[in-house]
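K.L.:
model the following, please.
(one chain, ligands or ions: 2)
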Amino acid sequence: MCSNDVKQVLTITNTNHDSFISDIYPKPCSPVKTEGIPLNCSARGVLVSTVDCEPIGCGFEPIIRIPTVLQGLDIGSCVQKWSSLEYLMKNGGNKQVKIHVSESPQMDFINKNFVYRSLPFDDFVRRASEKTHSEYFISETENYYLRALGDDPRREIADIHSQFPTLAQDVKFPYLFPREKFFSSVFRIASEGLQLWTHYDIMDNFLMQISGRKKVVLFSPDDVNYLYLNGDKSEVLDVDNPDTDKFPDFYKAQKHVCFLEPGDVLFIPALWFHNVISLDFGVAVNVFWKHLDSQFYDSKDTYGNKDLLPATRATQIIDRAVKTLEELPEYYRTFYARQLISRIEKKVLKLSDKT
Ligand SMILES: O=C(O)CCC(=O)C(=O)O
Ligand SMILES: [Fe+2]
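P.N.:
Ligands and ions are numbered 1, 2, ... in the order given. From the prediction side, this is the model:
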């Protein structure tokens, strides 16, 4: 049987930002003015604030835009303090949080094998940290996952400074991107063994692992056709043991794997798929930022998971085209459908006639 090619994610272990930056950006280039990004931003702002490796005006030429584990960054005292459950519970308080609860440790968004419930934050932390529960919703071995939201999720963007101000004092965000591009900071707390569905996000992201270890499997956006997408999620949840009858092309997708320890920061570029397994009970905070000009993003999207506006518009146009093709008899429909597909391949993907 064919299996996926596996690559280790690049890890950068320097503890010093500047030398870390110069490892990645060895080639200074002349500043170029780019809208939205101040010319005088520090070298730290360079790493991930651009797309397609274009020079962005900070005197460095970005050479990578791939997932990277950054070790040795100073992300604050949370790494020491939050290893104590008592500390986390006391300083997180008892505000209600909405959580995912499932019997299976493999949480599946597409088949919805979980329920949403609410608990006070401190009770949730205690339950998520234990393997069997005396109080439970479904069963005494149920699994928990928190993806924190704003207090009024339809209006408010998740930010630990607003929703968990006391705990937020312990966290230093890795501002390797311009501060004004910041979008949200999200608490992620999971039971041991929990596997989170394979999905992509539309913004660049630093996933800060604060306590517990995690295995992350990533896939390049170039492999989208092998990932059996349903919205922004892949139908392939069990990436290490996929159903090959259902997902025969999945083995063609290259896996990029890394293991995160407390204190590690994983850069997940926008559109890179990720599947996350918590090897221990663990706490993470991730920071999303708008690396593109703000006009690309839906301003009403408080979750930060809506596709970019032109992508949404293009999808709607294609849906209309499909509906219009349905007016034709099948013989004609397939003929024109093939032509439309090859038009997109030629004009957008720049594939030649032969490919
Ligand atoms: O670590 C997790 O729980 C999920 C992380 C994630 O999906 C993200 O940072 O975008
Ligand atoms: Fe994500």
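K.L.:
quick one, what contacts residue 90?
P.N.:
residue 122 (Cβ atoms under 8 Å, 6 or more residues apart in numbering). For every residue, glycine as well, the C-beta is placed using N, CA and C.
K.L.:
buried set for the strand or helix carrying it?
P.N.:
Here residue 90 is covered by helix 85-92, with elements defined by DSSP states H and E. Residues 85, 88, 89, 91, 92 are the ones in helix 85-92 that count as buried (16 or more other Cβ atoms under 10 Å).
K.L.:
grab the nearest non-local neighbour of the first one.
P.N.:
In this case it means residue 85. Leaving aside its chain neighbours, residue 85 sits nearest to residue 129 (5.6 Å; criterion: Cβ to Cβ, 6 or more residues apart in numbering).
K.L.:
show residues contacting stretch 152-170.
P.N.:
76-78, 81-82, 88, 91-93, 95, 121, 148-151, 171, 183-187, 285, 302-304.
K.L.:
farthest pair in the buried residues of helix 85-92?
P.N.:
Across the buried residues of helix 85-92, the longest distance by Cβ to Cβ is 11.1 Å; it joins 85 and 91.
K.L.:
one step back: so what's the gap between the helix holding residue 90 and the chain middle?
P.N.:
Offset of helix 85-92 from its chain centre (Cα atoms, centre = their mean, to the nearest Å): 26 Å.
K.L.:
need the residues of the stretch 201-350 of the chain near ligand 1, please.
P.N.:
Proximity of the stretch 201-350 of the chain to ligand 1, by Cβ under 6 Å from any ligand atom, involves residues 201, 205, 207, 268, 274, 276, 284, 286.
K.L.:
okay, and which of the contacts of stretch 152-170 map to strands?
P.N.:
Taking DSSP state E as the definition of strands, the contacts of stretch 152-170 contribute 183, 184, 185, 186, 187, 285.
K.L.:
which one of the residues you listed sits closest to residue 345?
P.N.:
Nearest to residue 345 among the ones in strands among the contacts of stretch 152-170 is residue 183, at 32.8 Å by Cβ to Cβ.
K.L.:
next up, the contacts around the closest one.
P.N.:
Residue 183 sits in contact with 157, 203, 288, 289, 290, 304, where contact means Cβ under 8 Å, 6+ apart.
K.L.:
give me the neighbour count for the third one.
P.N.:
Same thing as residue 288. Burial measure for residue 288: 25 neighbouring residues, criterion other Cβ atoms under 10 Å.
K.L.:
helix, strand, or coil at it?
P.N.:
Classification of residue 288 using DSSP: H, G, I helix; E, B strand; the rest coil returns strand.
K.L.:
coming back round to it: most neighbours among the ones in strands among the contacts of stretch 152-170, which one?
P.N.:
Among the ones in strands among the contacts of stretch 152-170, the one with the most neighbours (other Cβ under 10 Å) is residue 285, at 27 neighbours.
K.L.:
rebuild the contacts of residue 183 as JSON lines, extending it with pLDDT.
P.N.:
Formatted as JSON lines, those follow (pLDDT from 0 to 100):
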{"residue": "157", "pLDDT": "87"}
{"residue": "203", "pLDDT": "93"}
{"residue": "288", "pLDDT": "95"}
{"residue": "289", "pLDDT": "92"}
{"residue": "290", "pLDDT": "91"}
{"residue": "304", "pLDDT": "84"}
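K.L.:
show me where the stretch 251-355 of the chain has its strands.
P.N.:
All strands of the stretch 251-355 of the chain, identified by DSSP state E, counting those that start in this stretch, fall at 255-260, 265-268, 273-278, 282-289.
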